[in-house]
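A.B. asks: fold the following and give me the result.
(2 chains)
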Amino acid sequence: MRVALFVALVVLSSTYGEILITMGMKQAGEPERLRPRPVLRFLGRALRNGYFWAAIPLLALSFYAMLALLSWAPVSFVVPATALSYAVGALGGRFLLGERVDAVRWTGVLLVCVGVALAWAG
Amino acid sequence: MSSSAHVRKKTLILATLMVSCNTAAQLLLRHGMLQIGSVRLHGHDLLAAFLKTVASGTIWIGIAGLLGAFAVYMTLLSWADYSYVQPATSLGYALVALLGVTVLGEHVTLVRWFGVALICSGVALVGRTEPRTTKRRL
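C.D. replies: You can find the predicted model right below:
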């Protein structure tokens, strides 16, 4: 029960943290060109964004929950279980960020989930 | 070049850079920690290990690599969909398996290779979709 709870905690906090980062980066606006100066200006805007700083505690929580999980369960279980975050990420992209996740993207995401699980459990 | 093709091209370049940077950084951290040796979790030994990591150039290059990969990830997310970029990060698993065999001479099981093939197929499928499906911020 404790392990299942922490797997859910890792998956949800890391995904929601990354969704907040995405919101922040979209709000900061993309660099005009991929040259050092515009990219540094973009990173400056990104570091002053509220969503970015709201994401940091969630990513830290996910990191420490992952460490706790690794102290109770083998990595060959933990990594495949947390591969669920790819599916949860696609759901978050669809429903929280309004992205268009079509059948092709869903199939790709599910293949990645199974692939990561096998690559670690194998 | 059309706008869509341009977005796809820059997304592909940055995703490749992010995965390479992240994988190289992890290998450098592993190499650095192997040089330092097994860390023992006792007061004086732990402090000595910490000081060794702070003094290790390899560890600092590894940390710089991780920060660089995160900066590239943030830049990518400023235009590309999260549900497009996130699966691409899994290519790191495939790259690590490949480097494990070619550089470190490790043995990779058939099941693990099958997992790597599924990751690559999944990322290739996601790569066929539009990188940006939300409205561009003005």
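A.B. asks: backbone phi and psi for residue 61, please?
C.D. replies: Picked chain A for this. phi -60, psi -40 (degrees, to the nearest 10).
A.B. asks: try again with chain B
C.D. replies: Per degrees, to the nearest 10, the backbone of residue B:61 is at phi -70, psi -40.
A.B. asks: and the closest residue to it other than its chain neighbours, how far from chain A?
C.D. replies: Spatial nearest neighbour of residue B:61, chain neighbours left out: residue B:28 (5.5 Å); criterion: CB to CB, 6 or more residues apart in numbering or on different chains. Where you see a C-beta, it was placed from the backbone N, CA and C, and this is true even at glycine. Applying CB to the nearest CB, to the nearest Å, the value for residue B:28 to chain A is 20 Å.
A.B. asks: thought residue A:26 was touching residue B:78?
C.D. replies: Yes: contact status for residue A:26 versus residue B:78: in contact at 6.5 Å, counting by CB atoms under 8 Å.
A.B. asks: in chain A, what helix or strand scores lowest on average pLDDT?
C.D. replies: helix A:75-82 (a mean of 82; mean pLDDT, DSSP states H and E).
A.B. asks: that one vs chain B: in contact?
C.D. replies: No: using CB under 8 Å from any CB of the partner chain, helix A:75-82 never reaches chain B; the gap is at least 8.7 Å.
A.B. asks: residues touching the very next helix or strand once past that helix, excluding its own?
C.D. replies: Once the chain leaves helix A:75-82, the next helix or strand it forms, by DSSP states H and E, is helix A:84-95. For helix A:84-95, the external contacting residues (CB atoms under 8 Å, 6 or more residues apart in numbering or on different chains) are A:7, A:10-12, A:14-16, A:18-19, A:99-101, A:105-106, A:109-110, A:112-113, A:116, B:81-83, B:86-87, B:90.
A.B. asks: emit the ChimeraX select command for whichever of those residues are buried.
C.D. replies: The following ChimeraX line selects those of the contacts of helix A:84-95 that are buried, judged by 16 or more other CB atoms under 10 Å in any protein chain shown:
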select /A:7,10,11,12,14,15,16,18,19,99,101,105,106,109,110,112,113,116 /B:81,82,83,86,87,90
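A.B. asks: the contacts of helix A:84-95 in helices, which ones?
C.D. replies: Counting by DSSP state H, the part of the contacts of helix A:84-95 found in helices is A:7, A:10-12, A:14-16, A:18-19, A:105-106, A:109-110, A:112-113, A:116, B:82-83, B:86-87.
A.B. asks: give me the residue at the spatial middle of the chain.
C.D. replies: All of this refers to chain A. residue A:15 (3.8 Å; CA atoms, centre = their mean).
A.B. asks: if you could check chain B rather than the one you did, that'd help
C.D. replies: residue B:22 (3.1 Å).
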